[in-house]
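the sequence and its predicted three-dimensional model are supplied below.
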Amino acid sequence: MLAKPTVLILGAGASSEFGFPLGIELRRKILEIVRIQNGNVIDSDFRRLLTSGLVKLNSNILHRVFSILENGMLTVPSIDDFIETHKDDRDLVNYAKLIITKIIHSYERDLFRTHEIYKKDHNSEFKNLKDNWLISLFTILCDGVSLSNLDQLFKNFSVINFNYDRSFEFIFMDLISRRFNLSEDAVTAILPKLQLYNPYGKIAPLSPQGTNLTFGNVKAGIPLGTDFGPEYYVELSQNILTYSEGNQAHEEFKSWLENAENIIFLGFGFHPQNLKLLEHSVAVKKRKIFFTRTGLSDAATSTIAHKFYGNFFSELQKRVSPESLIQRSMVIGTSEQKCSDFISHNRLSFIAERN
């Protein structure tokens, strides 16, 4: 179990270690979907949506939005930024959310299929299920925890997940099941005890495998990997929030941050909007911040560290210079270090001492 109140903050880089796309690959997927050839939509799912009796899409609006996305996606680092640029165009926002939902569903389905193969053959070479940061973190959470005190598994642990996908919950539930020999239903009953928040939502709550999926009623959740038709995208996409829609007071996770003695950023992109969303009053006298910085230059890393100095530490800790505080109270990964290596290397900083 964790020694101190800890908040784990997940960015897109954390999900990428489970096979989800980043950067250029994600843009390529989007551009594949929005292609129009000879006046016709190429993507089979959207063609089906245009003719579906369950969901009605406007063909003219769809063509307009696809054209805007195809022309503009190369000018932004992510589709979220593009949506924010066009936030007053509700048609573009809604149709872009459909695209995001389609992509997430596709990669969640791949993760599930990979997982099913791995369950049958543990020698199969699926690195994202054998060597990932969540396994490293899970072993830390399990230290000192047995079936008799299973409620201690989530002690001092909260998660703020900026991703739309549900890979974290899916793999976490699987690890609990394996470690403690629990059924999926038993793990599902335990998981709500974990303090987990998605500032921008997620495509759906995660429900156990075998849950019946009814069109028009997915609020109760859907199992990861469910192979449903594109007519579900419209309803699921309504669970996704844009930067503007997610820019609200989140009192629930603000209290976690206020009392956190350790804050861990994994695969986080440090987008100004997201950093602003995380600003909070600091109630603890002493804390440490851990963060990965894959692909970031030394100059960019220094800028981020100084922002943390200004907004994430108590006045007591800030009595020293920024450089001194950064050296004493921040643990920063290398520019090539993966999330899994970062967690493993700092393992002893998180584990609680045993009585």
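All right, it came through fine. Model, not experiment: these values are computed from the prediction. Numbers count the residues shown, from 1 in each chain.

mind listing what residue 48 touches?
With contacts defined as Cβ atoms under 8 Å, 6 or more residues apart in numbering, residue 48 is in contact with 229-231. Any C-beta I mention is one placed from the backbone N, CA and C, and that applies to glycine too.

how about a cut-off of 10 Å?
Taking Cβ atoms under 10 Å, 6 or more residues apart in numbering as the contact definition, residue 48 lies against 41, 55, 57, 229-231.

residue 187 too?
So residue 187 contacts 172-178, 180, 208 (Cβ under 10 Å, 6+ apart).

now distance to residue 302, neighbour count and secondary structure too, for the contacts of residue 48, in a markdown table please.
Conversion of the contacts of residue 48 to a markdown table gives the following (distance: Cβ to Cβ, whole Å; neighbours: other Cβ atoms under 10 Å; DSSP: H, G, I helix; E, B strand; the rest coil):
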| residue | distance to residue 302 | neighbour count | secondary structure |
| --- | --- | --- | --- |
| 41 | 46 | 21 | strand |
| 55 | 49 | 18 | coil |
| 57 | 47 | 18 | coil |
| 229 | 49 | 13 | coil |
| 230 | 45 | 20 | helix |
| 231 | 49 | 16 | helix |
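
identify, from the residues you listed, the entry nearest to residue 324.
The shortest distance between residue 324 and any of these, using Cβ to Cβ, involves residue 230 and amounts to 55.0 Å.

any idea how far that closest one is from residue 40?
In this view, residue 230 and residue 40 are 16 Å apart by Cβ to Cβ, to the nearest Å.

name the element residue 325 belongs to?
For residue 325, the enclosing helix or strand under DSSP states H and E is helix 322-329.

which other residues reach stretch 65-76?
Contacts of stretch 65-76 with the rest of the structure, by Cβ under 10 Å, 6+ apart, involve 24, 26-28, 30-31, 33-36, 41-43, 46, 58, 79, 81-86, 89, 91-96, 98-99.

mind redoing it with 7 Å?
Residues from elsewhere that reach stretch 65-76, judged by Cβ atoms under 7 Å, 6 or more residues apart in numbering: 27, 30-31, 34-36, 41, 79, 82, 91-92, 95-96.

just among those, which is most surrounded?
Of the contacts of stretch 65-76, residue 96 is surrounded by the most neighbours, 26 neighbours in total, counting by other Cβ atoms under 10 Å.

can you name every helix or strand that the host helix or strand of it contacts?
Residue 96 is part of helix 90-120 when elements are defined by DSSP H and E. Under the contact criterion of 3 or more Cβ pairs under 7 Å, 6 or more residues apart in numbering; DSSP states H and E, helix 90-120 touches helix 23-33, helix 59-72, helix 79-85, helix 127-130, helix 233-237.
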